[in-house]
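Asks: what follows is a predicted protein model with its sequence.
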Amino acid sequence: MRQMKWWGWGDSDKTFDIDDKPLLWSYLVEKTGIKNDRHLKTNAVELTDIKLPAPVLNEDFLLQLTNILKPEYIKYDFYERLIHAYGKSYRDLWRIRQGIISHAPDVVCYPQSEEDIQAIVNAANQFNVILIPFGGGSNIAGCLEPRHYQGRMVLSLDMKNMNRILEIDSYSMIARIEAGSMGPELEEQLNQSGMTLGHFPDSFEYSSIGGWVATRSAGMKSDKYGKIEDMVIALRMVTPKGTLVTRNVPKASNGIGINDICIGSEGILGVITEVTMQVHHVPQKKEFHGYLFPDFEKGVDAMYEASLHNATPSMTRLNDADKTSLSFAFKSKSSFFQTVLAKLMKLYLKKIKKLDFDKICLMLVAFEGNEVKSQIKKLNAIYKKRGAISLGTSPGKSFEKGKYDFPYFRDFIMDYGVSADVSETATTWKNLLPLYYHVKEAIEQAIVETGSAPWCGCHISHTYKTGASLYFTFAYKHSEDALAQYLQVKKSAEDAFIKYGSTLSHHHAVGWEHLPWISDDISTTGVNIIQGVKFTLDPNNIMNPGKMIPGDVPLSDWGWKINKELA
């Protein structure tokens, strides 16, 4: 079974190759203040030094479980429990690298069918056992961590063996897909029929379609294909009160949208077992282009005009000045000829085009379709009015090559005492720049207050007619109490999101880590609605408790208390 490494991101045989990026180490030293010595490295604790909480085993439930699944699909061992204990947020990785595992599932199982899941959910409800659905394990909002289980046995329900495409209707352009299907294998199966889902989140290699739906995921090409909720036609979800099924119809007027109740439910209502998705023909042509804008404001203005004139390509990603400087530092090794050309281009941009390299912003754009020339021409006209310089396809090719590498870089710099993480949100076009200035200032100020030198960058992506997503990345040399320092910085970002008119998350979900801000985001009445649905479908609170609904008391007690302690 393909699982990510226990101490970091991705396959155990793949790590970040900084030697391929000759500018990056010096950039890291300059921006964070770490010592310029690659030998000063601190690795995670040894696997043998990690201690897990003693398992709580409900023998009556386990007897039922052995009647449902074959023994090879039920795991009690240390390693399975460890890799299912946490997701991959900074907070998760810091604790696991320190050997701090305060919560872990007691047993892990691998269901083979919806019938298996129905039987498991029924048995868990009967014997009061906690169930936590598990896709690829890539969640960074605390959705996978056992919480509020109150001494009950916890079962991690790993969906990876439910990974088939059940049907492709190429006439209606829909596909029925089992929820455990991981990104690469899902796309491979669709591509064999000339189809694509068009959903490519940063976690694509290690996340499942069930996880995408359960967390309202967004892919890099959402400008063309939409977020995951825009793709769902129908679904099936097993709950303690029965299996919820919606029909394969494009639209309906049948009351409150049941699909919408399940999408983004993060496992607190039931287990999504199957989804019917809109699919698309694989585009005949794909081109990635890069542009340099004189400043961030002009780049945002260009994105706004493109949205107004229906000229938005499949992907637009605008980096601010700090994120642009990081992108340049990520440049791979070049030949002598390429290096000379790059220096000449830089000289031309500075001396002839009068660009300020402390302000320039890189925009990456993806064009897809049967004909892309007209798309490029239309965008070029909009960008040129803002003083943009076309860099051709080279930056886009570099992005395409390394688009899934940042989590490996985060692991690498953690070894050298650098904390790095992200916070993302969405807001309206009118509020976008004011929000950007406020949030960036709040993050940098919080880092300074902890005693470290701040680095914070942002990119704009996932554009809509009414607004766009802002994705902040921050890094700093961590202090002795790295987790407390991180929580202070992370809190500053989320507080600023709420204070200045955006949402707590655009596509990373609520989970445990964003829970303190949910009432501010959707109102107390909104939380009460979620509580009501939860109580109806899961009255015994066995489905992933402690997520999305703020409180530290049993579900039957409606006097919820907001718990803002993340640690």
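Replies: Okay, I see it. Bear in mind that the values here come from a model prediction, so they are computed numbers and not experimental data.
Asks: so where's this structure shaky on pLDDT?
Replies: 334-348, 351, 552-567 (pLDDT under 70).
Asks: so which residue is dead centre in it?
Replies: Closest to where the C-alpha atoms of the chain average out (Cα atoms, centre = their mean) is H508, at 4.7 Å.
Asks: P133 belongs to a strand?
Replies: Yes: the assignment for P133 by DSSP: H, G, I helix; E, B strand; the rest coil puts it in a strand.
Asks: isn't it right up against V271?
Replies: Yes: in terms of Cβ atoms under 8 Å, P133 counts as a neighbour of V271; the distance is 5.0 Å. Quick note: C-beta positions are derived from backbone N, CA and C, even for glycine.
Asks: what residues are shared contacts of these two?
Replies: Taking Cβ atoms under 8 Å, 6 or more residues apart in numbering as the criterion, P133 and V271 both touch 157, 159.
Asks: show me where the stretch 401-550 of the chain has helices.
Replies: 406-414, 429-449, 482-499, 518-537 (DSSP state H, counting those that start in this stretch).
Asks: in a markdown table, list the ones you listed along with distance to Q278 and mean neighbour count.
Replies: Listed next are the helices of the stretch 401-550 of the chain as a markdown table, based on distance: least, Cβ to Cβ, whole Å; neighbours: other Cβ atoms under 10 Å:
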| stretch | distance to Q278 | mean neighbour count |
| --- | --- | --- |
| helix 406-414 | 28 | 20 |
| helix 429-449 | 27 | 18 |
| helix 482-499 | 30 | 20 |
| helix 518-537 | 25 | 15 |
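Asks: which one of those lies nearest to E229?
Replies: In terms of Cβ to Cβ, the element of those nearest to E229 is helix 518-537, at 15.5 Å.
Asks: how far off centre is that closest one?
Replies: 23 Å (Cα atoms, centre = their mean, to the nearest Å).
Asks: likewise stretch 469-477?
Replies: In terms of Cα atoms, centre = their mean, the centre of stretch 469-477 is found 14 Å from the chain centre.
Asks: and for stretch 162-179?
Replies: Using Cα atoms, centre = their mean, the offset of stretch 162-179 from its chain centre is 24 Å.
Asks: do the same with stretch 516-530
Replies: 22 Å.
Asks: equivalent analysis for stretch 416-426, please.
Replies: Using Cα atoms, centre = their mean, the offset of stretch 416-426 from its chain centre is 12 Å.
Asks: could you do stretch 25-37 as well?
Replies: With Cα atoms, centre = their mean as the basis, stretch 25-37 stands 27 Å off its chain's centre.
Asks: contacts for it?
Replies: So stretch 25-37 is contacted by 18, 38, 40, 325-326, 329, 413, 416-418, 452-453, 455, 475-477 (Cβ under 8 Å, 6+ apart).
Asks: can you tell me which of those is nearest L155?
Replies: I413 (34.9 Å).
Asks: which residues touch that closest one?
Replies: So I413 contacts 28, 32, 420, 475 (Cβ under 8 Å, 6+ apart).
Asks: now the third one: closest residue in space that isn't a chain neighbour?
Replies: In this case it means A420. Nearest non-adjacent residue to A420, counting by Cβ to Cβ, 6 or more residues apart in numbering: A475, 4.0 Å away.
Asks: report the beta-bridge partners for that neighbour.
Replies: Taking DSSP bridges as the rule, A475 bridges to A420, W455.
Asks: OK, contacts around it?
Replies: Going by Cβ under 8 Å, 6+ apart, A475 touches 31-32, 413, 418-421, 455-456.
Asks: between the helices of the stretch 401-550 of the chain, which one is closest to K547.
Replies: Ranking those by proximity to K547 (Cβ to Cβ) places helix 518-537 first, at 9.9 Å.
Asks: what's the angle from the closest one to helix 482-499?
Replies: 90 degrees (axes from the mean of the first three to the mean of the last three Cα atoms, to 10 degrees).
Asks: mind exporting the C-alpha coordinates of helix 518-537 to PDB?
Replies: What follows is helix 518-537, C-alpha atoms only, in PDB (Å, rounded to 0.1, in the frame of the first residue of the first chain):
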ATOM      1  CA  ILE A 518     -15.700  29.000  12.000                       C
ATOM      2  CA  SER A 519     -18.400  30.800  14.000                       C
ATOM      3  CA  ASP A 520     -17.000  34.200  12.900                       C
ATOM      4  CA  ASP A 521     -17.000  33.000   9.300                       C
ATOM      5  CA  ILE A 522     -20.400  31.400   8.900                       C
ATOM      6  CA  SER A 523     -22.200  32.800  12.000                       C
ATOM      7  CA  THR A 524     -23.400  31.000  15.100                       C
ATOM      8  CA  THR A 525     -26.700  30.200  13.300                       C
ATOM      9  CA  GLY A 526     -24.600  28.500  10.600                       C
ATOM     10  CA  VAL A 527     -22.800  26.400  13.100                       C
ATOM     11  CA  ASN A 528     -26.100  25.400  14.700                       C
ATOM     12  CA  ILE A 529     -27.300  24.200  11.300                       C
ATOM     13  CA  ILE A 530     -24.200  22.000  11.000                       C
ATOM     14  CA  GLN A 531     -24.800  20.700  14.500                       C
ATOM     15  CA  GLY A 532     -28.400  19.900  13.600                       C
ATOM     16  CA  VAL A 533     -27.400  17.900  10.500                       C
ATOM     17  CA  LYS A 534     -24.600  16.100  12.500                       C
ATOM     18  CA  PHE A 535     -27.000  15.200  15.300                       C
ATOM     19  CA  THR A 536     -29.600  13.800  12.800                       C
ATOM     20  CA  LEU A 537     -27.100  11.600  10.900                       C
END
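Asks: can you pull the phi/psi pair for W7?
Replies: Per-residue torsions, W7: phi -100, psi 0 (degrees, to the nearest 10).
Asks: so it is in contact with R97, correct?
Replies: Yes: applying Cβ under 8 Å as the test, W7 and R97 come out as touching, 5.6 Å apart.
Asks: which residues are common contacts for these two?
Replies: Common neighbours of W7 and R97, using Cβ under 8 Å, 6+ apart, are A44.
Asks: so A453 touches F474, yeah?
Replies: No: counting by Cβ under 8 Å, A453 stays clear of F474, with 11.5 Å between them.
Asks: so the two - more neighbours on which side?
Replies: Using other Cβ atoms under 10 Å, the more surrounded residue of A453 and F474 is F474, with 25 against 15.
Asks: look at the residue lying closest to that one once chain neighbours are set aside and say how many residues are nearby.
Replies: Nearest residue to F474, sequence neighbours excluded (Cβ to Cβ, 6+ apart): C456, at 4.4 Å. If you count neighbours by other Cβ under 10 Å, C456 ends up with 24.
Asks: who's in contact with C456?
Replies: By Cβ under 8 Å, 6+ apart, the neighbours of C456 are 322, 440, 443-444, 447, 472-475.
Asks: 6 Å - rerun?
Replies: Counting by Cβ atoms under 6 Å, 6 or more residues apart in numbering, C456 touches 440, 443-444, 474.
Asks: next, the buried residues of stretch 248-258.
Replies: Going by neighbour count (16 or more other Cβ atoms under 10 Å), the buried part of stretch 248-258 is I258.
Asks: and stretch 269-281, what's buried?
Replies: 269-280.
Asks: nearest to E188 among the residues you listed?
Replies: For the buried residues of stretch 269-281, the nearest to E188 is V279 (13.6 Å; Cβ to Cβ).
Asks: can you name the residues bridging to the nearest residue to the closest one once chain neighbours are set aside?
Replies: Sequence neighbours aside, M195 is the residue nearest to V279 in space, at 4.5 Å (criterion: Cβ to Cβ, 6+ apart). In this entry, M195 is beta-bridged to H281, by DSSP bridges.
Asks: mind putting the contacts of I413 into JSON lines with distance to Y206?
Replies: Converted to JSON lines, those look like this (distance: Cβ to Cβ, whole Å):
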{"residue": "L28", "distance to Y206": "25"}
{"residue": "T32", "distance to Y206": "27"}
{"residue": "A420", "distance to Y206": "18"}
{"residue": "A475", "distance to Y206": "22"}
